[in-house]
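Visitor: Based on what follows, work out the 3D shape:
(one chain, ligands or ions: 2)
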Amino acid sequence: MPPELFLSGLSPEELLDVLSPLPAFRANQIFKWISGGVSSFDDMTDLSLSLRRELSGRFGIYSSTVDGRFGDASDSGNAEKISLRLRDGAMVEAVLLSDGFSGRKTACLSTQAGCPAGCVFCKTGSLGFLRNLDSSEIVEQFFYLKAIAGGGIDNIVVMGMGEPLLNLGELRRALRVITHKKGLNFSKRRITVSTCGIAEGIRDLADKGPGVRLALSLCTAREDLRLRLMPLARQNPLPRLKDALSYHQKKNGQRITLEAVLLGNVNTTREDAAALVSFVRGLDAVVNLIPWNPVEGLSFEGKPLREPGEKEIKDFEKNLENGGVKFTRRRRKGGEVGGACGQLGSLGGGAKKEEFL
Ligand code: SAH
Ligand code: SF4
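Guide: Numbering: from 1, shown residues only. Ligands and ions are numbered 1, 2, ... in the order given. As a prediction, this is how the structure comes out:
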């Protein structure tokens, strides 16, 4: 019978519980092995043979397998997308981004199979929602990408498939494993969680941690337009979101990123820029402009979505600059493998929930 319990997503404290009556030092040894990338009890050479055998009979370590790997290189860097097959057959994707200039490596992780938020410009959103990932399924993405990277990973961005703050419990558990002092000890300051704007989740994160960096996918600061582009905005109006961001910033002290995916002829007007300038006021924030990555078949109110033109972007940037807003423009990486922002979920090329299975 295949094991029902997998250890990759457990902290030393949880391991101690699960492995009872084994003593804490054993749980710590096992945690260290798993954090070091070991995926078989056979390789845990400081455990006796009989213990290794007993553990293999009772537990698994990884619950997922890598089903496919796709690479893409451009001037601005490389992207390697992997697709993971989960134990129930569901599929998710994770991406390793290597910056062509700095050489820094970033792991982009998913938290859900599909996404319930339904943002009109996003491939994942068009797939609908299948289910939340558990801690092991999130941690394993990191382990797989780390193995591909060969060396270390510099940053983690939780910007893959799904809305992280709608799966905060399991994301917390996963980050606890990745940041644990007894294991990888990955710095919380090098982790960014991106949300489409769940005010309650932002406050929860501020109150209970972990103290990671926060990015808000604003898209536009014009409430009426935002409601049409991002259906979840209805429960999370902009003033409430801004309050939650200020609250988070007060507690956490870190600069917030506001992501604005730029949709050609939709959210790049002077009014959009002015609304953004006023939203930023009072926050320590940097705006990250993300020219829309094409996803076939997506439209907005009957018109196909399109990439913004270079002049359109430049004009928008000028308006932000005049308003005194700090901004950066994201260089596209991973476009060829459907691994760029908002393109995840292209397995099989279609846009149906069934394709996760
Ligand atoms: N659900 C979270 C994290 C994943 S989406 C969130 O929405 O923040 C990560 C980022 O990709 C978001 O900022 C989103 O606005 C952006 N995005 C979605 N679809 C995109 C597309 N087709 N092109 C460019 N960016 C996109
Ligand atoms: Fe979900 Fe983020 Fe895509 Fe919106 S942009 S549908 S929240 S993954």
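Visitor: show me where this structure has strands.
Guide: Remark: strands assigned in the chain by DSSP state E are 65-74, 77-85, 91-99, 105-108, 112-114, 129-132, 155-158, 191-195, 213-217, 256-262, 285-291, 299-300, 303-304, 327-329.
Visitor: Neighbouring strands - and their directions - for the first one?
Guide: It stands for strand 65-74. Strand 65-74 has the following sheet partners, assigned by DSSP bridges: strand 77-85 (antiparallel).
Visitor: So which bits of this structure are right by ligand 1?
Guide: 121-122, 159, 163, 194-196, 217, 219, 259, 261, 290, 292-293, 295, 341-343 (CB under 6 Å from any ligand atom). Where you see a C-beta, it was placed from the backbone N, CA and C, and this is true even at glycine.
Visitor: and those, which are buried?
Guide: With burial judged by 16 or more other CB atoms under 10 Å, the buried subset of the residues of the chain next to ligand 1 is 121-122, 159, 163, 194-196, 217, 219, 259, 261, 290, 292-293, 295, 341-343.
Visitor: Below-threshold pLDDT in this protein: ranges please.
Guide: Within the chain, the ranges that satisfy pLDDT under 70 run 1-2, 75, 333, 335-337, 346-357.
Visitor: swap the cut-off to 90 and go again
Guide: 1-4, 71-77, 100-101, 150-151, 330-357 (pLDDT under 90).
Visitor: Reformat the strands of the chain into a markdown table and put distance to ligand 2 next to each item.
Guide: Below are the strands of the chain laid out as a markdown table (distance: least, CB to the nearest ligand atom, whole Å):
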| stretch | distance to ligand 2 |
| --- | --- |
| strand 65-74 | 19 |
| strand 77-85 | 15 |
| strand 91-99 | 11 |
| strand 105-108 | 12 |
| strand 112-114 | 8 |
| strand 129-132 | 9 |
| strand 155-158 | 10 |
| strand 191-195 | 7 |
| strand 213-217 | 6 |
| strand 256-262 | 8 |
| strand 285-291 | 10 |
| strand 299-300 | 14 |
| strand 303-304 | 18 |
| strand 327-329 | 18 |
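Visitor: Just send these back as JSON lines, with distance to L145 too.
Guide: As requested, those are arranged in JSON lines below (distance: least, CB to CB, whole Å):
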{"stretch": "strand 65-74", "distance to L145": "10"}
{"stretch": "strand 77-85", "distance to L145": "7"}
{"stretch": "strand 91-99", "distance to L145": "4"}
{"stretch": "strand 105-108", "distance to L145": "4"}
{"stretch": "strand 112-114", "distance to L145": "18"}
{"stretch": "strand 129-132", "distance to L145": "20"}
{"stretch": "strand 155-158", "distance to L145": "9"}
{"stretch": "strand 191-195", "distance to L145": "14"}
{"stretch": "strand 213-217", "distance to L145": "19"}
{"stretch": "strand 256-262", "distance to L145": "21"}
{"stretch": "strand 285-291", "distance to L145": "21"}
{"stretch": "strand 299-300", "distance to L145": "33"}
{"stretch": "strand 303-304", "distance to L145": "33"}
{"stretch": "strand 327-329", "distance to L145": "24"}
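Visitor: among these, which is nearest L168?
Guide: Counting by CB to CB, L168 lies closest to strand 191-195 out of the strands of the chain; the figure is 9.0 Å.
Visitor: contacts for that closest one?
Guide: 155-159, 163-165, 171, 175, 178-179, 201-202, 205, 210, 212-217, 257, 259 (CB atoms under 8 Å, 6 or more residues apart in numbering).
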